[in-house]
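Peer 1: got a structure for you, letters missing:
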């Protein structure tokens, strides 16, 4: 979540383009979720002028973890056929990362790419085939032909460097990827990835990989917790939600620390003075986020594989932050000023878990406009989880981090209805947006989501007053929060890629709205009008 933000290097803005339905004559094999594969041949798109409005998560693509594993295995077995159908070069191979079959039968298969055995950074793509097995379209992170003159570097690199193909610029180049570990100014761990041209030594790209995302809780009152009986009493292990565990780092900054345990299964006292209280909030927030993913999105855990991440509380001394780390697949929370106000409110917990979700789906690059969309996704679904939790002590709102009082004056960290109220975030898109820190460029997508859900102008939701403007003075009517987050998740999970920028996000959400509600739907019209309302045209 990176509550105290740090600058990130930004790549030049790029546009993720929607490709027309491929007219290849070669057959393409893709995995179906239930079992096996189907031969896909190019043909007309299936009729999408009308569509039943989704009443359950099935419309987004039900993908139980056991079926997902089978589907990915089948997709990988047929990856060479898919590569031929996409007319990839002979040195290119596809690696299946995810397969989602939605309620209409459309199969969305997400791939990474390699070239001559080297990973292609920015080479990911998603194919889309109809229920009848016809190839409809493909979304690529890069439209460039993946090819380099040689895979033998002219320049040497550190022994720990990884040789890659970098496809994030105009033309793919052979490159070195190095990772520098350290600590950011506020105490957050740092793992900076730098991509350097292996021929010229020119720095091509850089990004920070650490994405800063019955108990008595500090923020949610008395809550129910799912725990596990042990020989010594009880432990914070949630056997109903993938085995999620909550650990106490004891002010350390590495490892897992100690699994939180208790004698009588009554945890914390609702204040920061009791060490269990932070663990209660983290454990509760993780449970509510898991339930939201499962109930509202039909997703079986962060990675869709039925396995839980874990939480670590009491990180560092007076650490005023929280973060997600892919390398440990875990959320970590500091205790705030004076070690008395842990950053473990519902929306913060959901924000951090959602960084893991984004990594498992579109894997939006954490820099430039794609980085802003990455951060916004965590805010959007974090707020959605807060509404879903329906907790009287922390009612749903469109304010981010309002409970943790990080500013010390009772104001929230971010505002979705008018992001610029925080003094740094952008309300509307402009050509310099990608140069902002990702936590500020996220404002445009946060604003889009609020307007799509609630509409423009003054209104009161759960006792909070909002007044949301548009860039062109237009009046927008919201379609409701549930439809709005369904559209965003659908776009994230099957249409966005690692390099999607704001123009690409507009295309992706328009596709998602078409899939879910139809090509003539009011929802699609609202998506388009709302993007225009935040100056993404």
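Peer 2: Alright, I've got the coordinates. Not measured: the values here are computed from a predicted model.
Peer 1: only C-alpha atoms for contact and neighbour calcs from this point on.
Peer 2: Will do.
Peer 1: in the protein, which spans are helices?
Peer 2: 58-61, 65-77, 79-85, 275-297, 346-360, 368-389, 438-441, 443-454, 481-494, 502-517, 522-533 (DSSP state H).
Peer 1: List just the one of the ones you listed that sits closest to residue 143.
Peer 2: Among the helices of the chain, the nearest to residue 143 by C-alpha to C-alpha is helix 502-517 (13.1 Å).
Peer 1: could the helices of the chain be laid out in CSV, adding mean neighbour count, distance to residue 401 and mean pLDDT?
Peer 2: Converted to CSV, the helices of the chain look like this (neighbours: other C-alpha atoms under 10 Å; distance: least, C-alpha to C-alpha, whole Å; pLDDT from 0 to 100):
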stretch, mean neighbour count, distance to residue 401, mean pLDDT
helix 58-61, 23, 28, 72
helix 65-77, 20, 31, 90
helix 79-85, 20, 43, 93
helix 275-297, 25, 13, 96
helix 346-360, 28, 6, 97
helix 368-389, 27, 9, 98
helix 438-441, 28, 13, 97
helix 443-454, 28, 14, 98
helix 481-494, 22, 19, 98
helix 502-517, 24, 24, 97
helix 522-533, 22, 25, 98
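Peer 1: Adding distance to residue 413 as columns, could you present those in JSON lines?
Peer 2: Formatted as JSON lines, the helices of the chain follow (distance: least, C-alpha to C-alpha, whole Å):
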{"stretch": "helix 58-61", "distance to residue 413": "30"}
{"stretch": "helix 65-77", "distance to residue 413": "35"}
{"stretch": "helix 79-85", "distance to residue 413": "44"}
{"stretch": "helix 275-297", "distance to residue 413": "18"}
{"stretch": "helix 346-360", "distance to residue 413": "10"}
{"stretch": "helix 368-389", "distance to residue 413": "11"}
{"stretch": "helix 438-441", "distance to residue 413": "10"}
{"stretch": "helix 443-454", "distance to residue 413": "12"}
{"stretch": "helix 481-494", "distance to residue 413": "21"}
{"stretch": "helix 502-517", "distance to residue 413": "23"}
{"stretch": "helix 522-533", "distance to residue 413": "23"}
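Peer 1: Low-confidence stretches in the protein?
Peer 2: Applying pLDDT under 70 to the chain flags residues 1-58, 62-63, 212-213.
Peer 1: Of all the helices of the chain, which one comes closest to residue 113?
Peer 2: helix 79-85 (9.6 Å).
Peer 1: Go through the helices of the chain and name the closest to residue 150.
Peer 2: Nearest to residue 150, of the helices of the chain and by C-alpha to C-alpha, is helix 79-85 at 21.3 Å.
Peer 1: Surely residue 341 is in contact with residue 273?
Peer 2: No. Residue 341 is beyond contact range of residue 273, at 9.0 Å (criterion: C-alpha atoms under 8 Å).
Peer 1: So for those two, which residue has more residues nearby?
Peer 2: Set side by side, residue 341 and residue 273 show more neighbours around residue 341, with 25 against 13, by other C-alpha atoms under 10 Å.
Peer 1: OK, contacts around the more buried one?
Peer 2: Neighbouring residues of residue 341 by C-alpha atoms under 8 Å, 6 or more residues apart in numbering: 272, 335, 404.
Peer 1: Check residue 275 too.
Peer 2: residue 268.
Peer 1: Just tell me which of the helices of the chain ends up closest to residue 201.
Peer 2: Nearest of the helices of the chain (C-alpha to C-alpha): helix 368-389, 22.1 Å.
Peer 1: could you say what helices and strands that closest one packs with?
Peer 2: helix 275-297, helix 346-360, strand 399-400, helix 438-441, helix 443-454, helix 481-494, helix 502-517 (3 or more C-alpha pairs under 8 Å, 6 or more residues apart in numbering; DSSP states H and E).
Peer 1: just checking, residue 509 touches residue 488?
Peer 2: Yes. Using C-alpha under 8 Å, residue 509 makes contact with residue 488 at a distance of 6.2 Å.
Peer 1: thinking again about what came up before, now the helices and strands packed on helix 368-389 as CSV including distance to residue 470?
Peer 2: Shown next, in CSV, are those (distance: least, C-alpha to C-alpha, whole Å):
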stretch, distance to residue 470
helix 275-297, 29
helix 346-360, 25
strand 399-400, 18
helix 438-441, 16
helix 443-454, 9
helix 481-494, 17
helix 502-517, 16
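Peer 1: sorry, back to before: quick check: which of the helices of the chain is nearest to residue 250?
Peer 2: Each of the helices of the chain was scored for nearness to residue 250 using C-alpha to C-alpha, and the closest is helix 275-297 (9.1 Å).
Peer 1: That closest one vs helix 368-389, what angle?
Peer 2: Helix 275-297 runs at 100 degrees relative to helix 368-389, counting by axes from the mean of the first three to the mean of the last three C-alpha atoms, to 10 degrees.
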